[in-house]
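**Student:** Quick one: sequence and predicted model below, then my questions.
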Amino acid sequence: MIADTIIRGIKTLYTSVETPPVKGHNMAKVQAIEAAFIAIKDGKIMDLGNHDDGLYQGKNTRVFHANGLIALPGFVDGHTHLVHGGSREKEFALKLKGVPYLEILKNGGGILNTVKATREASFEELYDQARESLDEMLLFGVTTIEAKSGYGLDLETEIKQLEVIKALASTHSVRIVPTYMGAHAIPEEYRQKKSAYIDKIKADLSVISKKKLALYVDVFCEEGVFSLEETEEMLDWAIQLGFIPRLHADEIKPMGGAGLGVKLKAASVDHLVAIGQSDLKMVAESDTVANLLPATSFFLNHDYAPARELIKAGAAVAIASDYNPGSTPSENFQLTMQLAGNKLQMTPSEILTAATINPAYHLGLAKEIGSLEVGKAADIVLMKANNLDYLIYHYGINHTRHVFKNGIAVVINRQIKGKGSVDPWASLT
């Protein structure tokens, strides 16, 4: 079979080849292929390795010269709040003074600040702002993300956010998996009647389901937001409607949200900074992925999730950016990976697993993406780094040079194709 594209001259190709979810010590098992090539046909990997690739070369095959770059699977950012209005730099000084987030929230700041801006923003304004962020994520090597609503807290705005996500998913190179998160906070108009808001969320879920705007439902299970019982009530209803549950769990207080997530067979439980030992064990013994967000802890000057304990116990760990305007205003996914090394004490190989195949698994896409294997989508990042360790060691910069999505070069020389990039293709005759 003749390839559409061959990527040659790869210094080293790194990928997990373990069966997902990749747990515990298996997270450190990464295959490294020296002097590698990747042959691509119809957007999928038809072969890879360091053997002779001439078999796949025809007169119409295009050859892309990696020129000694390393190759990794496209990164999968499995927790973002991509679509929102405005920004929250005015709260930054309060954070520096040590004002707790829940206190900022009680005073109308935090999520509620963004809710106001998102309700007031037009579809076009939200689309343009989110598209710019998505462009930045792509430039850092992210080829798939999960994107949540949750800054409307009313049906009209939540639908508006989800429709922006749907529109971006049909126009942008990055693949987007939608999550409904009406239970992100309690809106001001329901401050004194939370039970009525929970009933409203359940009613709204039926509308979201009929419109087919989301695959997942997430709830912020935290002290001062939604209790375990309230979270379970909403997610039970979501499950009945066919949604898959997720939880913001045990971020600030050890509420038992992670254990509830396991009970409900949630795809992921996220944050886990304050996870208790019994819940940690439950997560480790399940296929629910522990989705850790070190950039949030970094920005808020909080403690970090116990990644080493989770891995030692046998959990499947993923990492994600938590990109949002309040606690992680950064699209730099490579910084998230580097913080996983410095702050979560994860090894480079574990980090690669946590940034690729494990998030692909909890997004339900592990058969399609998350590793460089024959038959999977040719989602590939070519990076200027000596090796995988160097990518984590040399922090704060963008190592990406080229990005392929479904076999198409969408970033060339660190520029999105069509925006002034230089094409390094070479035609063969």
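**Tutor:** Great, that's in hand.

**Student:** Can you give me the domain boundaries for this protein?
**Tutor:** Per automatic domain parsing, the domain ranges recorded for the chain read 5-73+368-427, 75-362.

**Student:** Make CSV out of these and add mean pLDDT.
**Tutor:** Formatted as CSV, the entries for those read as follows, by pLDDT from 0 to 100:
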stretch, mean pLDDT
domain 5-73+368-427, 93
domain 75-362, 96
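
**Student:** I figured residue 284 was touching residue 310, is that so?
**Tutor:** Yes - with contact defined as C-beta atoms under 8 Å, residue 284 reaches residue 310; the gap is 6.5 Å. Every C-beta, even on glycine, is put in place using the N, C-alpha and C of the backbone.

**Student:** Show me which of those two is the more surrounded one.
**Tutor:** In terms of neighbours (other C-beta atoms under 10 Å), residue 310 is the more surrounded of residue 284 and residue 310; the figures are 26 against 21.

**Student:** Please tell me how far the helix or strand harbouring the more buried one is from the chain's geometric centre.
**Tutor:** Residue 310 is part of helix 307-313, with elements assigned from DSSP states H and E. Distance of helix 307-313 from the chain centroid (C-alpha atoms, centre = their mean, to the nearest Å) equals 20 Å.

**Student:** Name the residues that touch whichever helix or strand comes after it?
**Tutor:** Using DSSP H and E, the helix or strand that directly follows helix 307-313 along the chain is strand 317-319. Where contact means C-beta atoms under 8 Å, 6 or more residues apart in numbering, the residues beyond strand 317-319 that reach it are 27, 78, 268, 289-294, 307, 310-311, 336-337, 340, 344, 346, 350-351, 354-355, 358-359, 361-362.

**Student:** try it again with 7 Å
**Tutor:** Contacts made with strand 317-319 from outside it, assessed by C-beta atoms under 7 Å, 6 or more residues apart in numbering, are listed as 27, 78, 268, 289-292, 294, 307, 310-311, 336-337, 340, 351, 354-355, 358-359, 362.

**Student:** Confirm residue 114 sits in a strand?
**Tutor:** No - judged by DSSP: H, G, I helix; E, B strand; the rest coil, residue 114 forms no part of a strand; its state is helix.

**Student:** That one and residue 78: what is the separation?
**Tutor:** Using C-beta to C-beta, to the nearest Å, one gets 21 Å for the distance from residue 114 to residue 78.

**Student:** more neighbours, those two?
**Tutor:** residue 78 (31 against 24).

**Student:** The more buried one is in contact with residue 365, isn't it?
**Tutor:** No - between residue 78 and residue 365 there is no contact under C-beta atoms under 7 Å: 9.7 Å.

**Student:** all helices for the stretch 101-250 of the chain, in order.
**Tutor:** Across the stretch 101-250 of the chain, reading from the start of the chain, the helices by DSSP state H, counting those that start in this stretch fall at 101-106, 111-120, 123-139, 155-171, 194-211, 228-240.

**Student:** Return the distance of the shortest one from the chain's centre.
**Tutor:** The reference is to helix 101-106. The chain centroid and the centroid of helix 101-106 are separated by 26 Å under C-alpha atoms, centre = their mean.

**Student:** likewise the fourth one?
**Tutor:** Averaged C-alpha coordinates place helix 155-171 at 18 Å from its chain's average position (C-alpha atoms, centre = their mean).

**Student:** cool, and the longest one?
**Tutor:** Relative to its chain's centre, helix 194-211 lies at 25 Å (C-alpha atoms, centre = their mean).

**Student:** Also compute the angle for that helix relative to helix 228-240, please.
**Tutor:** 20 degrees (axes from the mean of the first three to the mean of the last three C-alpha atoms, to 10 degrees).

**Student:** Could you number the chain from 30 rather than 1 from now on?
**Tutor:** OK, 30 is where the count begins now, so the last one is helix 223-240.

**Student:** If you count contacts, what does helix 223-240 end up packed against?
**Tutor:** Based on contacts counted as 3 or more C-beta pairs under 7 Å, 6 or more residues apart in numbering; DSSP states H and E, the elements that helix 223-240 packs against are helix 184-200, strand 204-212, helix 257-269.

**Student:** Please identify the pairing partners of the shortest one and their relative orientation?
**Tutor:** Put plainly, it is strand 204-212. Each strand that pairs with strand 204-212, with its direction, by DSSP bridges: strand 171-177 (parallel), strand 245-250 (parallel).
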